[in-house]
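Colleague: When you get a sec, could you give me coordinates for this:
(one chain, ligands or ions: 1)
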Amino acid sequence: MMKVSDLLAACLEREGVEHVFGLPGEEMEDLLFSLRDSSVTFVPVRHEQGAAFMADVHGRLTGDAGVCLATLGPGATNLLTGVADAHLDKSPLVAITAQGGLERLHQESHQAIDVLRTFGAVTKWNTQLDSPDIVHESVRKAFKVAQREKPGATHLELPEDVAAEETATRPMDPGDRVSFAGPDPDALDRIKAYLRESSRPILVVGNGAVRTLAATPLREFVDATGVPVVSTYMGKGAVSDADGHSLMTLDSGGDDEPIRAIAESDLVVTVGYDIAEHDPDDWYGGETPLVHVDSEPAEVYEAYDPDLEVVADIERTVERLHERCQDADLSFESRWYQDYREGILADVDRELTADSPFTVRSVLPVLREVMAPEDVLVSDVGSHKMAIAANFPTYEPNTCIISNGFASMGIAVPGALAADLAVDANVVAATGDGGFLMNAAEIETATRIGCEFTILLFNDENYGLISEHQAAHTGESFGTELTNPDFVTFADSFGIESYRPESPAELRRAIQSAVGDGMSLIEVPVA
Ligand SMILES: Cc1ncc(C[n+]2csc(CCOP(=O)(O)OP(=O)(O)O)c2C)c(N)n1
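Modeller: Purely as a prediction, here's the structure:
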């Protein structure tokens, strides 16, 4: 016989879990000691939201579910935002929450709320581990459901009395990933027919292309056919922005170049695109023939009503399409989008002037120069995110992490911690002052476990994006102004390197010395 909490830890080991991010509570005492005695490292965090963002970004970068752990009631509700982020950003995550003993859940009791129902709204599946003998199957199912296309969050609730019971069951073997069907040959013929009719096709590439490892066949397809590509915020890096076919991101360019290119195309093919990420109304006019390649049928939406939907494994669909197009007699106009690309590049290539405060967009070229193509930038949410999406050229998949499904502030610092654990490259968290202070306490977690990343803090003493939108609508803003602590002193108090550059030369020096060299914070005053 085996104690349930030991079995749960053994199931996590069997799933290959290396880190569980969480914050303890009395009701999870057994599980904590079981984790201590396992090969899984428990990383205590400073706020459960941080734990969920860590698991979220781990899942997004690796395809393996990140795991976060919280206690019942307030621990669980604190976890919820990051779990919802994984849900809408399609990132595999398994959340585990403790619960009071089964004998007290039928009545009002201390810290007990209906966590199952609450988490049901932001997960693909969840269940209560109400019997010792269902734990092994439930953990396997939580990982299987979280990781399979489209990935997302799942949740297990462990009542404290069940955790202390015993079972004869043992962990289940994860086995191979579920194999997804390849594309129907007739559907490929139909895409080919659309391509044959087209002289100016364009690809719009989303999160799904990065997630399903479709970048390699996409690059081959683009190279062979000369079709231009626009990515969504979460599709950045699927095709390198150094490639002459890239029209960067939907919001790139000083003059809506990607949107104008889409309007000028005569066929739009989306690859791994979710409408949760970017409203099609913003970029698709509705008239041009539309082909949707994804692992799920398109959401029903008047503004995005595909003429053809190919629902299959995305990587294999692009691979097969590339094969079929080799002798397809396609006659695309060459380089019709060249002026758009040049406009976009001119906008990216900004000069840092001697003025301080800086602007986010003028700082990004310096950051790009210092970061290697495989280094990872994790963006927070706000005005700086829009600038990063539009103006930070990305060369490899999963190297510019932006949450644009749920788009929650506060992800950058915990996300960078998870990235630093997951990848062998330098990591930078870019954040506004608003989002930074939401989860800045995770700097302590990062230093305690020996992480090394740089926080690039764009300080405008404002919830900048909101005041920009208000000003655009009404000419004024309200409820957005902030005052801040002295960020350099704040960083010093965590024992990390800190910089507040005041000239372009100082900024360049700060970024050069900080990136890849321990934990650091660079405060950049921005207009
Ligand atoms: C958790 C959360 N709360 C509120 C919002 C709405 N929101 C989006 S951007 C933004 C302002 C962000 O301010 P800051 O972090 O300082 O970045 P900036 O816009 O100044 O670059 C707000 C409040 C959100 N996306 N997430």
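Colleague: CA atoms for contacts and neighbours, from now on please.
Modeller: Will do.
Colleague: show me what contacts the closest residue in space to Glu476 that isn't next to it in sequence?
Modeller: The shortest distance from Glu476 to any non-neighbouring residue, by C-alpha to C-alpha, 6 or more residues apart in numbering, is to Gln470 (6.2 Å). Applying C-alpha atoms under 8 Å, 6 or more residues apart in numbering to Gln470 gives the contacts 476-478.
Colleague: out of those residues, who's nearest Gly101?
Modeller: If you rank those by distance to Gly101 using C-alpha to C-alpha, Phe478 comes first, at 46.9 Å.
Colleague: ok but the closest one is inside a strand, no?
Modeller: No - under DSSP: H, G, I helix; E, B strand; the rest coil, Phe478 sits outside any strand and is assigned coil.
Colleague: Next one: His384 from Gly516, what distance?
Modeller: According to C-alpha to C-alpha, to the nearest Å, His384 and Gly516 sit 22 Å apart.
Colleague: Same question for Asp256.
Modeller: 34 Å.
Colleague: Over to Ala215?
Modeller: Per C-alpha to C-alpha, Ala215 is found 26 Å from Gly516.
Colleague: The two: which is more packed in?
Modeller: Comparing Ala215 with Gly516 by other C-alpha atoms under 10 Å, the one with more neighbours is Ala215, at 24 against 19.
Colleague: Quick check: the more buried one touching Glu319?
Modeller: No - with contacts counted by C-alpha atoms under 8 Å, Ala215 stays clear of Glu319, the gap being 10.0 Å.
Colleague: tell me which parts of the stretch 251-400 of the chain are close to the ligand?
Modeller: Contact residues, the stretch 251-400 of the chain versus the ligand (C-alpha under 6 Å from any ligand atom): 381-384.
Colleague: Go again with 8 Å.
Modeller: Within the stretch 251-400 of the chain, the positions near the ligand by C-alpha under 8 Å from any ligand atom are 380-385.
Colleague: what's the answer for the chain, then?
Modeller: 81, 380-385, 406-410, 431-436, 458-466, 480.
Colleague: Out of those residues, which sit inside helices?
Modeller: 81, 383-385, 433-436, 464-466 (DSSP state H).
Colleague: burial measure for the residue in the stretch 201-350 of the chain that the ligand sits nearest to, as a count.
Modeller: Nearest residue of the stretch 201-350 of the chain to the ligand: Glu277, at 12.9 Å (C-alpha to the nearest ligand atom). Using other C-alpha under 10 Å, Glu277 is surrounded by 19 other residues.
Colleague: how close does the residue nearest to it when sequence neighbours are not counted sit to His87?
Modeller: Nearest residue to Glu277 in three dimensions, chain neighbours excluded: Gly405, at 4.5 Å (C-alpha to C-alpha, 6+ apart). Distance, Gly405 to His87, by C-alpha to C-alpha: 9 Å.
Colleague: Also Val291?
Modeller: Computed as C-alpha to C-alpha, the Val291 to His87 distance reads 25 Å.
Colleague: out of these two, which sits in the busier spot?
Modeller: More crowded of Val291 and His87, by other C-alpha under 10 Å: His87, with 25 against 21.
Colleague: That one contacts Gly152, correct?
Modeller: Yes - with contacts counted by C-alpha under 8 Å, His87 reaches Gly152, the gap being 4.6 Å.
Colleague: so what pLDDT did the most centrally placed residue in the chain get?
Modeller: The residue lying closest to the centre of the chain (C-alpha atoms, centre = their mean) is Ser403, at 4.6 Å. The confidence metric pLDDT takes the value 97 at Ser403.
Colleague: Quick check: which element contains it?
Modeller: Using DSSP states H and E, Ser403 sits within no helix or strand.
Colleague: ok, so what distance separates the closest residue to it other than its chain neighbours from Leu129?
Modeller: Leaving aside its sequence neighbours, Ser403 sits nearest to Asp89 (C-alpha to C-alpha, 6+ apart; 6.5 Å). The gap separating Asp89 from Leu129 is 26 Å, by C-alpha to C-alpha.
Colleague: The two: who's more crowded?
Modeller: Asp89 (28 against 23).
Colleague: give the contact list for that one.
Modeller: 152, 277, 403-406.
Colleague: ok, it to the ligand distance?
Modeller: Distance of Asp89 to the ligand, given as C-alpha to the nearest ligand atom, to the nearest Å: 13 Å.
Colleague: how much space is there between that residue and Val413?
Modeller: Relative to Val413, and taking C-alpha to C-alpha, Asp89 is found at 17 Å.
Colleague: cool, Lys192 as well?
Modeller: 44 Å.
Colleague: just Ala263 next, same as before
Modeller: Ala263 is 37 Å from Val413, by C-alpha to C-alpha.
Colleague: show me where the stretch 401-527 of the chain has strands.
Modeller: Listed in chain order, the strands of the stretch 401-527 of the chain (DSSP state E, counting those that start in this stretch) span residues 427-432, 454-459, 497-499, 520-525.
Colleague: and the second one, what other elements does it pack with?
Modeller: What that stands for is strand 454-459. strand 427-432, helix 433-439, strand 520-525 (3 or more C-alpha pairs under 8 Å, 6 or more residues apart in numbering; DSSP states H and E).
Colleague: So which other helices or strands are in contact with the longest one?
Modeller: Spelled out, it's helix 433-439. Judged by 3+ C-alpha pairs under 8 Å, 6+ apart, helix 433-439 is in contact with helix 412-422, strand 454-459.
Colleague: so Thr270 makes contact with His292?
Modeller: Yes - with contact defined as C-alpha under 8 Å, Thr270 counts as touching His292 (5.1 Å).
Colleague: Most neighbours out of the ones in helices among the residues of the chain next to the ligand, which is it?
Modeller: Busiest of these [other C-alpha under 10 Å] is Asp433, holding 28 neighbours.
Colleague: okay, now the nearest residue to it once chain neighbours are set aside: neighbour count?
Modeller: Residue nearest to Asp433 in three dimensions, not counting chain neighbours: Asn459, with 5.1 Å by C-alpha to C-alpha, 6+ apart. Using other C-alpha under 10 Å, Asn459 has 24 neighbouring residues.
Colleague: With Leu105 instead?
Modeller: Leu105, neighbours per other C-alpha under 10 Å, totals 15.
Colleague: In which helix or strand does the closest residue to Tyr337 other than its chain neighbours reside?
Modeller: With C-alpha to C-alpha, 6+ apart as the measure, Ala261 is the residue that lies nearest to Tyr337, at 6.5 Å, once sequence neighbours are left out. Taking DSSP H and E as the definition, Ala261 sits inside helix 257-264.
Colleague: and that helix, what does it pack onto?
Modeller: strand 246-249, helix 338-348.
Colleague: try 10 Å
Modeller: strand 201-205, strand 229-231, strand 246-249, helix 338-348 (3 or more C-alpha pairs under 10 Å, 6 or more residues apart in numbering; DSSP states H and E).
Colleague: could I get it in PDB with only the CA atoms?
Modeller: Provided in PDB are the C-alpha atoms of helix 257-264 (Å, rounded to 0.1, in the frame of the first residue of the first chain):
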ATOM      1  CA  GLU A 257       1.500  47.900 -43.500                       C
ATOM      2  CA  PRO A 258       0.600  44.300 -42.600                       C
ATOM      3  CA  ILE A 259      -3.100  45.100 -42.600                       C
ATOM      4  CA  ARG A 260      -2.800  46.900 -45.900                       C
ATOM      5  CA  ALA A 261      -0.900  43.900 -47.400                       C
ATOM      6  CA  ILE A 262      -3.700  41.600 -46.200                       C
ATOM      7  CA  ALA A 263      -6.200  44.000 -47.800                       C
ATOM      8  CA  GLU A 264      -4.300  43.900 -51.100                       C
END
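Colleague: Lovely, talk soon.
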